[in-house]
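S.K.: no sequence for this one, just the structure:
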């Protein structure tokens, strides 16, 4: 009996609501923006839609930062420009339906800035001044640095959502400011995106970018007996030497670090188109000056990663021994 009484009171209470109040209790109108997460000083289209309210016959009044900018029947879209970094833009919409209802909707655009850094997990030799480049199926570590107009700058307090190749989810979580993704084919781009928000606030930021794939390469250097590997000068073309021995050191660039650490790479040397093996180190080859003057040594070197088959490269040089 008590249950019936409570149901009766609930129906009676709802029956006392005005039509406009009843509609206000429901989220009948949705707002979308293009782009989805606007940045500072960016042109934005704001549009409203509804599955329950006939907006085509309604009179709509638009306000931006309390200033009226547009009014009319079925005026369901406006274009605006967001403010500087740290400035909020408030959009208010008042809807007068043909049946006499009044609905209010508000949108707050709080643009923020996000920097996106990437680091390829590929090999470069010590003291190399360039950047390691991503190659076929290598891993790339992405790090987002949010810059919001808030009291906190701790990256662990922000919420991150990562995607790559436009549809593949790389993870989302509070404090997940870094992820690792795989690359595709050589020379192909991998689109990446991170959306960053600060829970409990209107602040949101997004960053898009393309990680450009590259090809692996190998470079030959002279390894001097006393000075070591001469990284300042790569061997290519024709090389003339008066030494009795000449040691070549091969360096693979931009091959995956994990495969190099696990000795997965395969190295192949050729002298005058004949395969040869190094005595103690697969990346070293020592040439001995012949007793009689012979043709130059045409040396070629090839490195291949069988775990990531398109990570491969080769190079060559010609070494001539001359009399002092």
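M.R.: Right, received. Where do you want to start? Computed from a predicted structure; not experimentally measured. Numbering: from 1, shown residues only.
S.K.: what pLDDT does residue 28 get?
M.R.: The confidence metric pLDDT takes the value 79 at residue 28.
S.K.: Could I get the phi/psi values of the nearest residue to it once chain neighbours are set aside?
M.R.: When the adjacent residues along the chain are set aside, residue 28 lies closest to residue 52, with 4.5 Å between them (CB to CB, 6 or more residues apart in numbering). Where you see a C-beta, it was placed from the backbone N, CA and C, and this is true even at glycine. When quoted as degrees, to the nearest 10, the phi and psi of residue 52 stand at phi -120, psi -20.
S.K.: Burial check on residue 52, number of neighbours?
M.R.: 9 (other CB atoms under 10 Å).
S.K.: Make 390 the first number, not 1, from now on.
M.R.: That works, and once the first residue is 390, the last one we named lands at residue 441.
S.K.: how much space is there between it and residue 449?
M.R.: Using CB to CB, to the nearest Å, one gets 16 Å for the distance from residue 441 to residue 449.
S.K.: just residue 424 next, same as before
M.R.: To residue 449, residue 424 is 22 Å away according to CB to CB.
S.K.: Compare these two and say which is more crowded by neighbours.
M.R.: Per other CB under 10 Å, whichever of residue 424 and residue 449 has more neighbours is residue 449, with 23 against 12.
S.K.: Pretty sure that one sits in a helix.
M.R.: No. Assignment of residue 449 by DSSP: H, G, I helix; E, B strand; the rest coil gives strand, placing it outside any helix.
S.K.: Give the bridge partners for it, please.
M.R.: residue 461, residue 484 (DSSP bridges).
S.K.: residues touching it, list them.
M.R.: Residues near residue 449 by CB atoms under 8 Å, 6 or more residues apart in numbering: 437, 459, 460, 461, 462, 463, 464, 465, 482, 483, 484, 485.
S.K.: Does the first one touch residue 450 like I think?
M.R.: What that stands for is residue 437. No. Counting by CB atoms under 8 Å, residue 437 stays clear of residue 450, with 11.9 Å between them.
S.K.: Need the residues touching each of these two.
M.R.: Shared between the contact lists of residue 437 and residue 450 (criterion: CB under 8 Å, 6+ apart) are residues residue 482.
S.K.: The two - which one has more neighbours?
M.R.: Taking neighbours as other CB under 10 Å, residue 437 and residue 450 compare with residue 437 leading, 23 against 15.
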